[in-house]
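Student: this is a predicted model, with the sequence first.
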Amino acid sequence: MPPPPHQKPENVLKRAHELIGVNQASAALTLLHEHITSKRSRNVPITSLEPVMLLLVELSVEQKKGKLAKDALYQYKNIAQNTNVGTIELVLKKFIELAAEKVTAAQAKADEVQSSLEATTATSNIDDLEASETPESILLATVSGEQSRDRTDRAIVTPWLKFLWEAYRTVLDILRNNARLELLYQSTAMQAFDFCLKYTRKTEFRRLCELLRNHVQTAAKYSAQMHAINLNDPDTLQRHLETRFQQLNVAVELELWQEAFRSVEDIHTLLNLSKRPPKNIMMANYYEKLTRIFLVGENYLFHAAAWSRYYNLLRQSAAIVASGQGKKSENPPTSEADLQRAATFVVLSALSIPVISTSRSRGAMVDFDEARKNKNSRLTHLLGMSQAPTRALLFRDALSKSLVRRCRPEIRDLYNILEVDFHPLSICQKISPILAKIGADDEMQKYIIPLQQVILTRLFQQLSQVYETVDLDFVESLAQFPEPFQVTRATIEKFIMNGNKKGDLAIRMDHATGVLSFDADVFSSAKAAHAGSSAGSAESETGSVQRLQSTPSQIVRSQLTRLAEVLYTTCQYIDPSFNEARIKARDAALARAKAGAEKEHLETLARKEIIQKRKDKASEAHALKEKENARKKMLQEQLLQQAEAARLAEEQKLREQKRMANEREQIKRKEVESMLKDMKLEDLAGEDLDTLDSNKIRMIKLQQLEREKNTVAEKLRITGKRLDHLERAYRKEEAKKLPEDYAKQRERDLAAYELIKAQTLKEAEQKHKDDLEIKHRLTRLMPFYENFRSNLHERRRDEFEKRRRDAERELEKQVNARRKEYRERKIREKREREEKERALREAEERAAKEKEEEERRKELKREEMARLKEEREKEREKAREAQARQQAREEEAMARRKAEKAAAMAVPVRRETPVEAAPPAAAVAPPRIALAGNKPSWREREAAKAASGGAAPSDNTPPPAARAAAPPPVERTESSDRPPAAGPPRIALAGNKPSWREREAAKAGGGGGAPLAERPAPAGRVSSGRGAPIEREGSGRGEREAAPKDGPAPEPLKASGAPGKYVPKWRRDNAGA
């Protein structure tokens, strides 16, 4: 089924009024609610929705439909909060006003009903005046208590009170977390406080306080949202503080002390967040309420501390007002009487602090003591004090400020008796007149009980210094107070037991003899060694009672101290060196001080200069800050001016709306007055016509008729029989005279009929004549009338034509302007489109150019890579050609060497001196590695020295193996063909160059050196794919082999002369020699 079509607000309002007119207010309310909660209503202008919402609120209040109103108000707030906040305020104020008016009307109605019931019960319902109390009324009074009054209130007033409370809760929930609705939120909270105070609604007040706390926590949680409550704003925080102070006042008036203490904690939390100092008058109210809370909670210590803070605030306010630095309205009254009253209460509350601790016993109660410490810390912070107050500290502060002299004389005397004088036998006697004066004052009467505890404490403290034992009857006779405040013997015994339990007193009680013994044990504890020596936790360790003599326990505790003092004094008189050492130490300290005085002076000057520089920087920073603050203040003033202008405009609008509302109220009042005149209700002259409507007037009329009916019925009941007999008698006598009376009446009626008929005919004839005369007179005026009408039509036709032509010209002008605007818009759109196309083309050309540039760079890179590849191929080709030439040269050299070897084999072998066989270990030694630079090793140099008779060969001298005649070399084709004693194969060198041994052998062969010892030549090595095999000769391994072999001396080696082979000059010279 499709949804119903959306209607305009005007049509919905009209339909709702029609339904109300036919007594269908419930249907009208449902219609308005469905229209407001519809999703399509979100786009409707607020000015059209506002009358609908106002009518919905009125109907919901009349019908007690709070849930419908709440739902509609939430939806309306979501619609209007971003565009028009004023309409939300108007609707919510209307809602609250209507609910409050209903409560007032219900209260008046209940009073009226109750008064009527009392009047009726007092007169008509009492049949027997001597028996006014019937058994039924006594039983009903026993069951129902207040009888009809409570029942009337529950039936009439309580439902409207509940509705008003729900209205306040609804409005506060709607207005929370929106900074633009904050003023209405605070004013609604104030009205809710007044509601709770006026009707003594304690449960609702607790719920209201909890609701406000939750709203503050929610504001801190959602502070990042748009239009959220900013608690860092000084104005917002100030408004919250004012609300909390009103909450504290109402809590105190309702005597909800726990809620008052929570309100104090809320205020303290907001004061810590506030950057702006609170007003002195607010803080004075804060401390004054704290005094009442602490007094009700019997926390006399913090009660006195709160009075002390209150007095300090009064002194500051008096100084500020006297110097003209603050307004008188922002400070509490500071007259001399106010200061004297505050000083009196400061001293009296301090005197009322119990000297004996009122906390629970010590020992296993560590957790309790810790909780009490935390509680005292919280209370200290609430009072804004740096440390927890004590009784001695409060008295010291009072004496420093001369509060004792400023307070009332009886309080000053009380202070002197309790804290200054020592008179154990007359303390109660002197205090009794003062207690009588204090008891006569309603404000001071609350301090009597704590003062009695302090007086008893001082009594036992002073008695303990005079007596060791005392009779309990004697103590009871001393503890005498004025008649309303007498203390019994049981109270005194309970006080003594409590003091002993706390450890503040040390008194033994003997009930058999009725004697009190003051404990004088020298080894007792420091606190209980003397009754009241330190007097519990409320007093300092030294106590405040004058001492006549020291007790034995005090003497025992101080004997070591006194012994040390006497010994020190004795050393000063007996031992001169002790004084000399002390004097020397003092002189040395003075010398050090004099030596460091100049340095300290310079450091002080430097520090002073640094401080001055810092002050200058601080002043500059302060000046910049002041300048910035001035700029911000100017901007803020501009914003305030704009806001003020907007506010004035809004006020003008509100005044206009109020004027219209007043006019509607006046019209409504006139209608009510006319209705009252029509119904002839003269007894409503004293009623307020503004609160009356048609339903109420009808109800009042019905009530009046009911009362009249009851009165008439009562009269008829009383005079019924008498009237019945009289009426019967009248009718009997009347029946005799009826015929005669009928005849006379008939004659009178005929005469009257004839007279009236004649007068009527005469008046009709005269009226006809007058009408004919008027017709003839008006007939003469008809031509003038026709002429005037035609002229008037002509003038109005000309004016109409002129206006029509002007309208056509204006229409043509507007059409031309719209055409011009259309052409300009088209040209502008075309220019923008061409600009976008040009930018797109430029971007495409730039991208194509970048792509071409990238392709060109890649092509150049490919060409470069090809060129490098070609160059590397050429280099590799050259390397292959050089390798081929080198291989050819090596093959040629190898062939030549083979030929030389063959020729050497043909030469006859010469006899040589046999060489001793080397040790067997040498045969298996590894081959010797050629050293860098082809220099002979130390073994070769030693062998040469032994051969030449001791001369050491130089580095350039060829080794002995090279100078000796080398055996013919044997070509080695494989490493496996080498003899087992020849060692591991020789490693092929880089470049296939001959080793230094080969070069030395060639030099020896060409230069005619001495023949080497015969030894077997190692087989030639074939390189693994790197050219011809290298001949290894003269390596020295032959000297370490087993036995030399005979063979012909090889032919000296000559240079090959191959191209590209460099031969040094000295080698060429040796070869030529």
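Tutor: Perfect, thanks for sending it.
Student: only C-alpha atoms for contact and neighbour calcs from this point on.
Tutor: OK.
Student: the helix or strand that contains residue 612 packs against which elements?
Tutor: Element membership for residue 612, per DSSP states H and E: helix 576-679. If you count contacts as 3 or more Cα pairs under 8 Å, 6 or more residues apart in numbering; DSSP states H and E, helix 576-679 packs onto helix 559-574, helix 694-779.
Student: rerun at 6 Å
Tutor: Using 3 or more Cα pairs under 6 Å, 6 or more residues apart in numbering; DSSP states H and E, no helix or strand is in contact with helix 576-679.
Student: any idea of the mean pLDDT for that helix?
Tutor: In this model, helix 576-679 has an average pLDDT of 86.
Student: count of neighbours near the residue lying closest to residue 514 once chain neighbours are set aside?
Tutor: In this structure, residue 514 finds its nearest non-sequential neighbour in residue 472, 5.4 Å apart by Cα to Cα, 6 or more residues apart in numbering. Burial of residue 472, expressed as a neighbour count using other Cα atoms under 10 Å, amounts to 20.
Student: am I right that residue 472 is in contact with residue 517?
Tutor: No. Applying Cα atoms under 6 Å, one finds residue 472 not in contact with residue 517, separated by 9.9 Å.
Student: quick one: secondary structure of the most centrally placed residue in the chain?
Tutor: Geometric centre of the chain, nearest residue: residue 220, 4.5 Å, by Cα atoms, centre = their mean. Secondary structure for residue 220, judged by DSSP: H, G, I helix; E, B strand; the rest coil, is helix.
Student: where does it land on pLDDT?
Tutor: 71.
Student: next SSE after the one helix or strand in the chain whose mean pLDDT sits lowest?
Tutor: Ranked by mean pLDDT, DSSP states H and E, the helix or strand of the chain with the weakest confidence is helix 920-923, at a mean of 40. Sequence order places helix 938-947 as the next helix or strand after helix 920-923, per DSSP H and E.
Student: buried residues, that next one. List them.
Tutor: Neighbour counts using 16 or more other Cα atoms under 10 Å place 940-944 of helix 938-947 among the buried residues.
Student: returning to that earlier point: where does the residue nearest to residue 514 land on pLDDT?
Tutor: For residue 472, the predicted pLDDT is 83.
Student: same question for residue 808.
Tutor: Value for residue 808, per-residue pLDDT: 94.
Student: kindly report the same for residue 457.
Tutor: Among the per-residue scores, residue 457 shows a pLDDT of 84.
Student: what helix or strand does the residue nearest to residue 66 when sequence neighbours are not counted sit in?
Tutor: Nearest residue to residue 66, sequence neighbours excluded (Cα to Cα, 6+ apart): residue 60, at 6.5 Å. Assigned by DSSP H and E, residue 60 belongs to helix 46-63.
Student: wait, is residue 388 part of a strand?
Tutor: No. Counting by three-state DSSP, residue 388 is not part of a strand but coil.
Student: start the count at 102, not 1, going forward
Tutor: Yep, numbering from 102; the last one is residue 489 now.
Student: check contacts around it.
Tutor: residue 481 (Cα atoms under 6 Å, 6 or more residues apart in numbering).
Student: relative to residue 932, how far out is it?
Tutor: Distance from residue 489 to residue 932, counting by Cα to Cα, to the nearest Å: 80 Å.
Student: again with residue 763
Tutor: For residue 763, the distance to residue 932 - Cα to Cα - is 59 Å.
Student: next, give phi and psi for residue 571.
Tutor: Dihedral pair for residue 571: phi -150, psi 150, per degrees, to the nearest 10.
Student: chain center to the following helix or strand past the helix holding residue 161, what's the gap?
Tutor: Heading C-terminal from helix 147-164, the first helix or strand you meet, by DSSP H and E, is helix 167-181. Chain-centre distance of helix 167-181: 29 Å, with Cα atoms, centre = their mean, to the nearest Å.
Student: buried set for helix 167-181?
Tutor: 167, 169-171, 173-178, 180-181.
Student: try stretch 815-828
Tutor: Here stretch 815-828 shows no buried residue, counting by 16+ other Cα under 10 Å.
Student: output that stretch as PDB, restricted to C-alpha atoms.
Tutor: The C-alpha trace of stretch 815-828 is given here as PDB (Å, rounded to 0.1, in the frame of the first residue of the first chain):
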ATOM      1  CA  GLU A 815     -32.400  20.600  51.100                       C
ATOM      2  CA  LYS A 816     -35.000  23.400  51.500                       C
ATOM      3  CA  LEU A 817     -37.600  21.200  49.900                       C
ATOM      4  CA  ARG A 818     -36.800  18.400  52.300                       C
ATOM      5  CA  ILE A 819     -37.100  20.800  55.300                       C
ATOM      6  CA  THR A 820     -40.300  22.600  54.300                       C
ATOM      7  CA  GLY A 821     -42.000  19.900  52.200                       C
ATOM      8  CA  LYS A 822     -44.900  19.100  54.400                       C
ATOM      9  CA  ARG A 823     -45.600  22.700  55.300                       C
ATOM     10  CA  LEU A 824     -45.700  23.700  51.600                       C
ATOM     11  CA  ASP A 825     -47.900  20.800  50.800                       C
ATOM     12  CA  HIS A 826     -50.600  21.800  53.300                       C
ATOM     13  CA  LEU A 827     -50.500  25.400  52.300                       C
ATOM     14  CA  GLU A 828     -50.800  24.600  48.600                       C
END
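Student: now that stretch: average pLDDT?
Tutor: So the average pLDDT for stretch 815-828 ends up being 82.
Student: for that stretch, the distance to its chain's centre please.
Tutor: 83 Å.
Student: okay, the buried residues of helix 167-181 in JSON lines with pLDDT and distance to residue 524 next?
Tutor: As requested, these are exported to JSON lines (pLDDT from 0 to 100; distance: Cα to Cα, whole Å):
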{"residue": "167", "pLDDT": "81", "distance to residue 524": "72"}
{"residue": "169", "pLDDT": "85", "distance to residue 524": "76"}
{"residue": "170", "pLDDT": "84", "distance to residue 524": "74"}
{"residue": "171", "pLDDT": "83", "distance to residue 524": "72"}
{"residue": "173", "pLDDT": "84", "distance to residue 524": "77"}
{"residue": "174", "pLDDT": "86", "distance to residue 524": "74"}
{"residue": "175", "pLDDT": "84", "distance to residue 524": "74"}
{"residue": "176", "pLDDT": "82", "distance to residue 524": "78"}
{"residue": "177", "pLDDT": "83", "distance to residue 524": "78"}
{"residue": "178", "pLDDT": "83", "distance to residue 524": "75"}
{"residue": "180", "pLDDT": "82", "distance to residue 524": "80"}
{"residue": "181", "pLDDT": "81", "distance to residue 524": "78"}
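Student: residue boundaries of the strands in the stretch 852-1001 of the chain?
Tutor: Remark: no strands are assigned in the stretch 852-1001 of the chain by DSSP state E, counting those that start in this stretch.
Student: pLDDT weak spots in the stretch 352-501 of the chain?
Tutor: Along the stretch 352-501 of the chain, segments meeting pLDDT under 70 span 376, 458-473.
Student: at 80 what do you get?
Tutor: By pLDDT under 80, the low-scoring segments of the stretch 352-501 of the chain are 367-381, 383, 386-387, 390-391, 394, 397-399, 420, 422-435, 456-488.
Student: those helices in it, which residues are they?
Tutor: 358-374, 381-397, 401-424, 437-452, 467-483, 492-501 (DSSP state H, counting those that start in this stretch).
Student: mind putting those into TSV with mean neighbour count and distance to residue 767?
Tutor: TSV is the format used below for the helices of the stretch 352-501 of the chain (neighbours: other Cα atoms under 10 Å; distance: least, Cα to Cα, whole Å):
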stretch	mean neighbour count	distance to residue 767
helix 358-374	18	45
helix 381-397	19	43
helix 401-424	21	49
helix 437-452	21	50
helix 467-483	14	54
helix 492-501	16	64
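Student: counting neighbours, what do you get for residue 669?
Tutor: 12.
Student: could you do residue 454 as well?
Tutor: 26.
Student: hmm, it is touching residue 401, no?
Tutor: Yes. When contacts are counted by Cα under 6 Å, residue 454 is listed as touching residue 401 (5.2 Å).
Student: low pLDDT regions in the stretch 952-1101 of the chain?
Tutor: 1006-1101.
Student: correction: the stretch 802-951 of the chain
Tutor: Short version for the stretch 802-951 of the chain, where the test is pLDDT under 80: 802, 805, 824.
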